[in-house]
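Enquirer: how would this look folded up:
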Amino acid sequence: MESLIGFTGLALLVLFYLRKYLLRKESPQTQALPFSGELYQVGLACVAKRSHNGATSTVVVMPGFVENFLYFTEYYADPAIELILLTSADYHVPVINPRLTQPKWATAPTARAGSIAYDAQVLNLALTHLVTTPNVRVHGHSRGGAVTLQAARQQPALFEQIEVVLEAPVLPQGQPYTPMPALVRWLLPFFLPFWQQQPINERNRKIWGPLDNPRKRELIMGVPFNPKRAAIMLANLKDMADWMPNTGTDIYQYVKRGAILVPGDDRVLQSAAMLASARQAENLQIIEIEGGSHFVLPDHPDSIPPLRPN
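Expert: As a prediction, the model looks like this:
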């Protein structure tokens, strides 16, 4: 009996330290493209500003959980757009040989890294210091939608004249399509290496929706590698699980115009809960995409409202 107890204790100790190692292990970067513009270090996050000539509008984009800003670059390729792109805290910057500068305005956020509030503070710094046109859109996908709403609550004055596009967003009182038990979250560091071996597999195939778009497929193949570590993925998941039920729909009062895009066949978030929450946003248009997946931009780009002047 003593030997069994000793063996069990040793096994648990090995499991504990293996998990600790896997949480901190840095994932390799698999996606990076040339980038013409400036890269700014803001705490553990990065803000990129694309070079432009005579821009008439500004678009600031915030990607979702385990995504990078390449999700948006094809849609907003027009050089007349001043494009500002954010990475979440402790995610890889999808740029070849990135050279980041740290200007005086780039103060590190005070919120916890991995939280929606942290990335919202970075978003507000970008809006305050990098926008140079009067016509501004903030486009957030999935978790990026929650970051946008949180940023508006942090600094309402910044959003008085800003249009928001919340695409298949994490919303107050929203729900995941399939709740993730605490034990599964705890085991995430052990699952991640297997997911990285096969990002698209039989278990998750339905999540992605149509995969006939080569660029969408390529972006999805990089998804499990975008966060630098399993620890930041876990922090994101825990924070979203807290933010949705604990955030009231009164947060919508801080966004004055724009749209919420609700896909009808979202396999990441519950479409019905998303729609019920969106209906509480008095200032925003609701655009329902019948049969649409969680990834509206690559699947139904015509559903995105055109960029118009104020």
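Enquirer: can we go C-alpha only for contacts and neighbour counts from here?
Expert: Will do.
Enquirer: Following the chain past the helix or strand where Phe16 lies, name the next helix or strand.
Expert: Per DSSP states H and E: Phe16 is located in helix 2-24. Next along the chain after helix 2-24, taking DSSP H and E as the criterion, comes strand 37-42.
Enquirer: and that following strand, which residues are buried?
Expert: By 16 or more other Cα atoms under 10 Å, the buried positions in strand 37-42 come out as 39-42.
Enquirer: try stretch 294-308
Expert: The neighbour-count check on stretch 294-308 (16+ other Cα under 10 Å) flags 294-299, 304 as buried.
Enquirer: rewinding a little: now do the helix holding Phe16, average pLDDT.
Expert: Per-residue pLDDT values across helix 2-24 average out to 77.
Enquirer: Repeat that for stretch 179-188.
Expert: On average, the pLDDT along stretch 179-188 is 92.
Enquirer: Need the contact partners of it.
Expert: 230, 234, 237 (Cα atoms under 8 Å, 6 or more residues apart in numbering).
Enquirer: OK, contacts around the first one?
Expert: Same thing as Ala230. Ala230 neighbours (Cα under 8 Å, 6+ apart): 22-25, 188-189, 192.
Enquirer: Please, where are all the helices along the stretch 101-250 of the chain?
Expert: 116-129, 143-154, 182-186, 188-197, 214-221, 230-246 (DSSP state H, counting those that start in this stretch).
Enquirer: CA atoms of the shortest one as PDB?
Expert: Read it as helix 182-186. Only the C-alpha atoms of helix 182-186 are listed here, as PDB (Å, rounded to 0.1, in the frame of the first residue of the first chain):
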ATOM      1  CA  ALA A 182     -12.900  23.300 -15.800                       C
ATOM      2  CA  LEU A 183     -11.100  19.900 -16.100                       C
ATOM      3  CA  VAL A 184     -10.800  20.300 -19.900                       C
ATOM      4  CA  ARG A 185      -9.400  23.800 -19.400                       C
ATOM      5  CA  TRP A 186      -6.900  22.300 -16.900                       C
END
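Enquirer: still on that earlier bit, for the helices of the stretch 101-250 of the chain, state which one has the densest average packing.
Expert: Among the helices of the stretch 101-250 of the chain, ranked by average contacts under mean count of other Cα atoms under 10 Å, first place goes to helix 143-154 (a mean of 26).
Enquirer: which SS class is the residue nearest to the spatial centre of the chain?
Expert: The centre of the chain sits closest to Gly64, judged by Cα atoms, centre = their mean, with a distance of 1.9 Å. Per DSSP: H, G, I helix; E, B strand; the rest coil, the local secondary structure of Gly64 is coil.
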